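Participant: one predicted model, sequence on top.
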Amino acid sequence: MSPVSRSLAALLWLSLASPAVAQTPPPTPSKAPGASTPERTERIRSRYTKFEYRIPMRDGVKLFTSVYIPVEASPSKRYPILMVRTPYSVAPYGLDRYKTQFGPSEAFEKEGFIFVFQDVRGRLMSEGDFVNVRPINPKKGAKDTDESTDTFDTIDWLLARVPNNNGRVGQWGISYPGFYASAGAISGHPALKAVSPQAPIADWFWDDMHRHGAFNLSLAFNFFSGFGKPRPAPTDSEDWARFEYGTPDGYEFFMDLGPLSNAETKYFKGDVAFWKDVTAHPNYDAFWQARNLLPHLKGLKAAMLVVGGWYDTEDLYGPLRTYAAIEKQNPGVANTLFLNNPSPFPTGIY
């Protein structure tokens, strides 16, 4: 098990285990540590039963959620829940189709958790409208939502309806799902005992979209050309539409692009709403400030393990600032920072 997996395993074990129970992203390289194997895939299929739910939020929107429960569960045996909320799809869809890995390593599958994967609001099979890095709403009415309330409502539903849970939940995620893990911690749900944001988005203007204030054109174009196109209705499509550049030379492509406005007129043509938002807000204005999660990381009750890598070109800002914000704004909370060298992600970003 990698050092990150050991750290996460220790955190989740201490925080989630009941005293009565011993407890699109790029594809994973087949030979990477922790990657799926035929034996691992068969073990998952033989030891877990898959369920699919549409969980209602407080405003009536239903979020598609896959749940895997250990087969050997009995009325007397209880398991903690380990959850990932993602904008990248909980595929594969269908009760007869199983994921080939659940956690950072096989140790989690062998240890025994109830594994939960959820398409966030407006993505893939979930209802509602998707908003990139949805701002936290500090003043919520009874039907007002954000990613923290969606997390809270999901946990409430799972605890009441998923059999054999021990009333304790952990949440984790890498990169964009890391943002949802941080937002989940803000929910303050009393059953959420441990959270691990890994390479999380913290303040997207600085995390990814800009380098010291300069627009990161190649990253933004590459990401939103595939991720940013609208979904007219919930879909179980598992295809990731990658942009065809027509050349292996990225420098040549962007030099030939000409003015930034050509990206919209030649390629996106109104189909990528967030691209228009990004280019309309070149400075750190109210649009970006609303997407800064850091000031909202307060009042946290879950144990936190923030993970990053010194040479992660995209998200080193996120782990460092997330850890610092939690440390400053939550005196006394269990808060740990793990920075690996060269990379904490041997199994790829997902």
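Facilitator: Everything's here; your move.
Participant: I'd say residue 171 and residue 84 touch.
Facilitator: Yes - applying C-beta atoms under 8 Å, one finds residue 171 in contact with residue 84, separated by 7.3 Å. C-beta: built from backbone N, CA, C; applies to glycine.
Participant: buried sites along stretch 300-316?
Facilitator: For stretch 300-316, a neighbour-count test (16 or more other C-beta atoms under 10 Å) marks 300-309, 312, 314-316 as buried.
Participant: same question, stretch 130-139
Facilitator: For stretch 130-139, burial by neighbour count (16+ other C-beta under 10 Å) applies to 130, 132-134, 136.
Participant: what does it rub up against?
Facilitator: The contact list for stretch 130-139 (C-beta atoms under 8 Å, 6 or more residues apart in numbering) reads 87, 120-123, 144-148, 179, 183, 186, 201, 204, 228, 231, 274, 290-291, 293, 296.
Participant: for residue 291, give me its contacts.
Facilitator: Shown in contact with residue 291 (C-beta under 8 Å, 6+ apart): 132-133, 135, 203-205.
Participant: let's see 7 Å
Facilitator: Contacts of residue 291 were listed using C-beta atoms under 7 Å, 6 or more residues apart in numbering, and they are 133, 135, 204.
Participant: circling back: and the buried residues of stretch 300-316, which of them are in helices?
Facilitator: Applying DSSP state H to the buried residues of stretch 300-316, no entry is found in helices.
Participant: got CSV for these, with distance to residue 213 and pLDDT too?
Facilitator: Output for those, formatted as CSV (distance: C-beta to C-beta, whole Å; pLDDT from 0 to 100):
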residue, distance to residue 213, pLDDT
300, 30, 97
301, 35, 95
302, 33, 96
303, 35, 96
304, 29, 97
305, 31, 96
306, 25, 96
307, 26, 93
308, 21, 91
309, 23, 87
312, 20, 78
314, 17, 68
315, 18, 66
316, 17, 85
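Participant: among these, which two are most distant?
Facilitator: Pairwise distances among the buried residues of stretch 300-316 were taken by C-beta to C-beta; the largest, 29.0 Å, belongs to 301 and 314.
Participant: in JSON lines, list the contacts of residue 291 along with secondary structure.
Facilitator: Below are these laid out as JSON lines (DSSP: H, G, I helix; E, B strand; the rest coil):
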{"residue": "133", "secondary structure": "coil"}
{"residue": "135", "secondary structure": "coil"}
{"residue": "204", "secondary structure": "helix"}
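Participant: nearest to residue 245, of these?
Facilitator: Taking those together and measuring to residue 245 by C-beta to C-beta, the closest member is residue 204, at 23.9 Å.
Participant: pull the number of nearby residues for the closest one.
Facilitator: 20 (other C-beta atoms under 10 Å).
Participant: quick one: contacts for it?
Facilitator: So residue 204 contacts 133, 291 (C-beta under 7 Å, 6+ apart).
Participant: gap between it and residue 76?
Facilitator: Note on residue 204: its distance to residue 76, by C-beta to C-beta, to the nearest Å, is 46 Å.
Participant: where in this structure is pLDDT low?
Facilitator: 1-35, 73-74, 314-315, 341-350 (pLDDT under 70).
Participant: again, only this time at 80
Facilitator: Scanning the chain for pLDDT under 80 picks out 1-36, 72-76, 104-105, 228-230, 239-241, 311-315, 341-350.
Participant: let me see the ranges of the strands in it.
Facilitator: Counting by DSSP state E, the chain has strands at residues 48-56, 62-70, 79-86, 114-119, 165-174, 192-198, 210-211, 214-215, 303-309, 335-340.
Participant: of the buried residues of stretch 300-316, closest to residue 104?
Facilitator: Among these, and counting by C-beta to C-beta, the member closest to residue 104 is residue 307, at 9.5 Å.
Participant: burial count for the closest residue to the closest one other than its chain neighbours?
Facilitator: Ranked by C-beta to C-beta, 6 or more residues apart in numbering and with sequence neighbours excluded, the top spatial neighbour of residue 307 is residue 198, at 4.0 Å. Residue 198 is flanked by 27 other residues according to other C-beta under 10 Å.
Participant: got it, and the one 10 residues further on?
Facilitator: As a burial measure, the neighbour count of residue 208 was computed by other C-beta under 10 Å and equals 21.
Participant: that one contacts residue 217, correct?
Facilitator: No - with contact defined as C-beta atoms under 7 Å, residue 208 does not count as touching residue 217 (11.8 Å).
Participant: mind giving me the domain split of the protein?
Facilitator: Domain ranges of the chain: 38-206+287-340, 214-282, per the TED database.
Participant: and the first one, how far apart are its ends?
Facilitator: The first residue of domain 38-206+287-340 is 29 Å away from its last residue (C-alpha to C-alpha, to the nearest Å).
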